[in-house]
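In: With the sequence up front, the predicted model follows.
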Amino acid sequence: MNKSDLKLDWCSYQAAKYAVEKWHYSQSVPAGKSVHIGVWEKGCFIGTVLFSRGASNAIGKPYRVNQSEVVELTRVALTKHGSAVSRILTIAIRMLGKQSPALRLIVSYADPEHGHHGGIYQATNWVYAGRTSPDYVIIDKDGKRWHSRMVSKNGIKKCFGKYKTVIKPSDGKRVNIPGKYRYLYPLDDEMRKQIEPLRKPYPKRISGGSNLSDAPGDHPGEGGSIPTPPLQ
């Protein structure tokens, strides 16, 4: 495919939501503040790359960066395409860095439960920093999966400053899930030197798995032809 056939630009929340619901296994847009980058080939919209604040406000603590300096890559949702995902991701990261120059680190996770091992991160030289701890989900009577962060004994939990109705442990079936593969991408030389000692050998591709990797979540937000407001 001709390189000029590929275009990335800021897109609306509605366009990102369409891509995630149609082309991503989670069918959910991450919660919290996000930026939405659209992907086009030969003028046709083929998907989105989303960066978000992430589900934890302590995501940057292990790397000595504050919340305004770290972001999570939460979705790569693409339909059939001719361009390499690694190239799409490289361009998206470059756009994010120009829009939000205070950012120093990107974190993302590959989910082995869904056959992911982090192929796109390995292809773009991210630092693999090991696995997260095993976790669990609660599956309700309608088959909806509730992450442990969205489970509470009284059915109420504070999320992003607002109280939300969540599931009680007794209202569904608990299913244990494996830890995710954690990947780090530094946005400056100092951060690269800091995290490089954390690098571990890349995990191998899971038999029958996908090369796409991402993380969980949901979101309200705005976007459009002009850039979404910077994450910081």
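Out: All right, it came through fine. Only a predicted model underlies this, so the values are computations on that prediction, with no experimental measurement involved.
In: now Asp140: how far from Pro169?
Out: Per Cβ to Cβ, to the nearest Å, Asp140 is found 11 Å from Pro169. All C-beta atoms are positioned from the backbone trio N, CA, C, and that covers glycine.
In: Over to Glu196?
Out: From Glu196 over to Pro169 the distance is 41 Å, taken as Cβ to Cβ.
In: give me the beta-bridge partners of the closest residue in space to Cys11 that isn't next to it in sequence?
Out: Excluding its sequence neighbours, the residue lying closest to Cys11 (Cβ to Cβ, 6 or more residues apart in numbering) is Gly38, at 3.0 Å. Taking DSSP bridges as the rule, Gly38 bridges to Asp9, Thr48.
In: what about Gly38, neighbour count?
Out: Gly38 has 21 neighbours, counted by other Cβ atoms under 10 Å.
In: re the thing from before, and Glu196 and Pro169? Which one has more around it.
Out: Using other Cβ under 10 Å as the criterion, Glu196 and Pro169 rank with Pro169 on top: 15 against 11.
In: residues contacting the more buried one?
Out: By Cβ atoms under 8 Å, 6 or more residues apart in numbering, Pro169 lies in contact with Ile138, Val151, Lys153.
In: And Pro201, by the same measure?
Out: Contacts of Pro201 by Cβ under 8 Å, 6+ apart are Tyr128.
In: Quick check: which element contains the residue nearest the centre of the chain?
Out: Geometric centre of the chain, nearest residue: Thr74, 1.1 Å, by Cα atoms, centre = their mean. Here Thr74 sits within strand 70-78, counting by DSSP states H and E.
In: Please state the offset of that strand from the chain centre?
Out: Offset of strand 70-78 from its chain centre (Cα atoms, centre = their mean, to the nearest Å): 3 Å.
In: just checking, what packs against that strand?
Out: Packing partners of strand 70-78 (3 or more Cβ pairs under 8 Å, 6 or more residues apart in numbering; DSSP states H and E): helix 13-23, strand 44-52, helix 85-99, strand 105-110.
In: same thing but at 6 Å, please
Out: Helices and strands touching strand 70-78, by 3 or more Cβ pairs under 6 Å, 6 or more residues apart in numbering; DSSP states H and E, are helix 13-23, strand 44-52, strand 105-110.
In: closest to Tyr202 out of these?
Out: strand 105-110 (10.4 Å; Cβ to Cβ).
In: So what touches the very next helix or strand once past the closest one?
Out: Going down the chain from strand 105-110, the next helix or strand is helix 119-123, by DSSP H and E. The contact list for helix 119-123 (Cβ atoms under 6 Å, 6 or more residues apart in numbering) reads Val85, Ser86, Leu89, Tyr183, Tyr202, Asn211.
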